[in-house]
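[1] show me the folded form of this:
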Amino acid sequence: MLNKKRYIIPVLILMFPLVLSLAIIRHAASFLFRALKPKNYPPVLRTPEESFAGLSALGYTFEPNFIELCGGNLHLPRVHYVDEGPPNSDRVILLIHGEPTWSFLYRFMIKSLASKGYRVIALDFIGFGKSDKYSSLDMYTHDLHTLTLRLFIEHLKLSKITLVVHDWGGPVGLSVVKDIPNLIDSLCILNTVLPCREDTGLKHLVNMFHFLTWSAVIFVCQTHLPLGYLLGYASIDSKTRRGYTAPFPNYRYKAGVARWPQLVPMLPWGCKRIIEDMRSTKRFLRKWDKPVLLLFSDDGISGSGASKDLFKSLFPNGEDIPIKGGGHLYQKFIQEFKSDELSDHLMRFLRKHSAVK
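    Sure thing, here's the model as predicted:
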């Protein structure tokens, strides 16, 4: 494992000039293409329903739910969510997806948890899944995602929530916790990060290698990211890949996918607004005294170990259960491969703390 990490250092040194060069070429070509062939696309796109045909055969059998959220002077695009299990249950599990996934990722966990009497809700952030999508990258901000989640919880009048966050959804979900702590009863944290760390050393860069690599790929490809091709590296079969790529029939629908990694600062510079929000989130979570479950992959070369160490320092009394399986893309889709194990751990955790109450 240490030998593998040794190879990462020269790769990091070589990667950034290469990424920069590719990005310059990519953006120059994109600018030229737009100049020669300008098109005006609608500001908000809606994935055609036929793009989702056949997903029931892959286990995504849920009735769609849609809402339009308003906050202040903002009227947000239509948001889709899954809502399964007893509607009046006081045991609410809210599942937060990451990048480039959507509620489809949680389909097996939703069925397992709902069958045990929990009300299970999984929303699609704007730009993902069956939710509407801005066609411009500039419309996607950290504040957009956190506002969407807050308004969503308020609109559905949810309380006593067990919040499950994963991947890039972690910085969004955990940021919202500090705004509505009275509505959150417990946290379940899966393979995520909470930037930005103050450490700028090489060791930190090595630990964050896979997160940085994904961000680099997005930076170069932008909306032309070959999602289906990348999913193959996560050992996802071709039929299931179609479920993950269904929301994005062409590149115009991928602005949210292209933008989200740019909103997660891995180093203590960049957008001051996001960095300060992450720091205030950490300060708040250090005082969190409600139940916490950590479910991180046990692979030591993907960055998950460094991330878990951070959360263990934030939640010294939290319950930590390692999940077998590694590789960054594997971790991004861990619910695809480990849904039963994750569901069992979560239900046992909830029963344990319900009995304590």
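
[2] give me the residues contacting the helix or strand harbouring R78.
    Per DSSP states H and E: R78 is located in strand 74-84. Strand 74-84 has contacts (Cβ atoms under 8 Å, 6 or more residues apart in numbering) with 44, 46, 62, 64-70, 103, 106, 110-111, 114, 119-126, 129-134, 144, 147-148, 151-152, 156. From N, CA and C alone the C-beta is placed, and that goes for glycine too.

[3] okay, now the unreliable bits of the stretch 201-350 of the chain?
    Low-confidence segments of the stretch 201-350 of the chain (pLDDT under 70): 201-214, 266-270, 299-306, 326-330.

[4] ok, K290 - how many residues close by?
    When neighbours are defined as other Cβ atoms under 10 Å, K290 has 15 of them.

[5] give me the nearest residue to it, chain neighbours excluded.
    Sequence neighbours aside, S186 is the residue nearest to K290 in space, at 5.7 Å (criterion: Cβ to Cβ, 6 or more residues apart in numbering).

[6] hey, C-alpha coordinates of the helix or strand harbouring that neighbour in CSV?
    Assigned by DSSP H and E, S186 belongs to strand 184-192. Extracted in CSV, the C-alpha atoms of strand 184-192 (Å, rounded to 0.1, in the frame of the first residue of the first chain):
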residue,chain,number,x,y,z
ILE,A,184,-31.9,16.3,12.6
ASP,A,185,-31.9,13.4,15.0
SER,A,186,-28.8,11.4,13.8
LEU,A,187,-26.2,11.3,11.0
CYS,A,188,-24.9,8.5,8.8
ILE,A,189,-21.8,9.5,6.9
LEU,A,190,-20.6,7.5,3.9
ASN,A,191,-17.4,8.0,2.0
THR,A,192,-17.4,11.8,1.9
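
[7] what pLDDT, on average, does it get?
    The pLDDT scores in strand 184-192 average 95.

[8] other SSEs contacting it?
    strand 161-167, helix 169-177, strand 292-295, helix 304-314, helix 334-337, helix 339-356 (3 or more Cβ pairs under 8 Å, 6 or more residues apart in numbering; DSSP states H and E).

[9] which outside residues touch it?
    Here strand 184-192 makes contact (Cβ under 8 Å, 6+ apart) with 98, 160-171, 174, 177, 288, 290-297, 304, 307, 311, 315, 331-332, 334-335, 342, 346, 349-350, 353.

[10] report the buried members of these.
    Buried residues within the contacts of strand 184-192, counting neighbours by 16 or more other Cβ atoms under 10 Å: 98, 161-171, 174, 177, 288, 291-297, 304, 307, 311, 315, 331-332, 334-335, 342, 346, 349-350, 353.

[11] contacting residues for R252?
    41, 45, 135, 223.

[12] confirm it sits in a strand?
    No. Counting by DSSP: H, G, I helix; E, B strand; the rest coil, R252 is not part of a strand but helix.

[13] state the distance from it to T223.
    7 Å (Cβ to Cβ, to the nearest Å).

[14] okay, and the common contacts of these two?
    If you check R252 and T223 against Cβ under 8 Å, 6+ apart, no residue is contacted by both.

[15] what's the burial count for R242?
    18.

[16] cool, L263 as well?
    Applying other Cβ under 10 Å, I find that L263 has 19 neighbouring residues.

[17] over to S339?
    Around S339 there are 20 residues (other Cβ under 10 Å).

[18] and for K287?
    Using other Cβ under 10 Å, K287 is surrounded by 9 other residues.

[19] mind checking how far it is from V193?
    Counting by Cβ to Cβ - K287 and V193 are separated by 20 Å.

[20] cool, and S115?
    From S115 to V193 the distance is 31 Å (Cβ to Cβ).

[21] of these two, who's got more company?
    Using other Cβ under 10 Å as the criterion, S115 and V193 rank with V193 on top: 21 against 12.

[22] report the central residue of this structure.
    By Cα atoms, centre = their mean, the chain has its centre lying nearest to G98, at 1.3 Å.

[23] which residues pair with the spatially closest residue to it that is not a sequence neighbour across the strands?
    Nearest non-adjacent residue to G98, counting by Cβ to Cβ, 6+ apart: D167, 2.5 Å away. Assessed by DSSP bridges, D167 has beta-bridge partners T192.
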